[in-house]
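# generate coordinates for the sequence data below:
(one chain, ligands or ions: 2)
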Amino acid sequence: MKASLRQGYRQVIVIAERCKECGFCIEFCPKHILYKSAEINSHEYHPVCVHDSDKCTGCNICSMICPDFAIYVNFVEVKPKEEAG
Ligand code: SF4
Ligand code: SF4
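Ligands and ions are numbered 1, 2, ... in the order given. Down below sits the predicted model:
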């Protein structure tokens, strides 16, 4: 039986150019898997990156709390690669 996408992997997507480094998502992620990246976007902010996305529950708190619509979660069938931060 094919598993539904909700039972698949969670892929946290950060639109780095939108991130203003406010830290709300970092503060409120219940799994503490969001961090400021070492990289700098064109507005000179350190965008958020994800460590250990296996721990993401897909709760969507990060996307609901982000004032800049810079982060959201996809449900995917194939395990996503970790992005370096
Ligand atoms: S969906 Fe929830 S657990 Fe996953 S990164 Fe966002 S706040 Fe954290
Ligand atoms: S809440 Fe949005 S703008 Fe703030 S740090 Fe997270 S992704 Fe960046």
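# who touches the most centrally placed residue in the chain in this structure?
Central residue of the chain (Cα atoms, centre = their mean): V12, 3.5 Å from the mean position. Listed by Cβ atoms under 8 Å, 6 or more residues apart in numbering, the contact partners of V12 are 33-34, 50, 53, 56, 62, 71-73. Where you see a C-beta, it was placed from the backbone N, CA and C, and this is true even at glycine.
# and the helices in the protein?
24-28, 61-65 (DSSP state H).
# out of those helices, nearest to ligand 2?
Distance to ligand 2, taken as Cβ to the nearest ligand atom, is lowest for helix 24-28 among the helices of the chain, at 3.3 Å.
# which neighbouring elements make contact with the closest one?
On a contact count with 3 or more Cβ pairs under 8 Å, 6 or more residues apart in numbering; DSSP states H and E, helix 24-28 meets strand 34-36, helix 61-65.
# next, the buried residues of that helix.
24-25 (16 or more other Cβ atoms under 10 Å).
# repeat that for stretch 43-56.
Under 16+ other Cβ under 10 Å, the buried positions of stretch 43-56 are 45-50, 53, 56.
# what's in contact with it?
So stretch 43-56 is contacted by 9-12, 14, 16-17, 19-21, 25-26, 31, 33-41, 70-71, 73, 80, 82-85 (Cβ under 8 Å, 6+ apart).
# cross those residues against strands and list the overlap.
Of those, the ones assigned to strands by DSSP state E are 9-12, 14, 34-36, 71, 73.
# so which of those comes closest to ligand 2?
Nearest to ligand 2, judged by Cβ to the nearest ligand atom, of the ones in strands among the contacts of stretch 43-56 is I71 at 4.1 Å.
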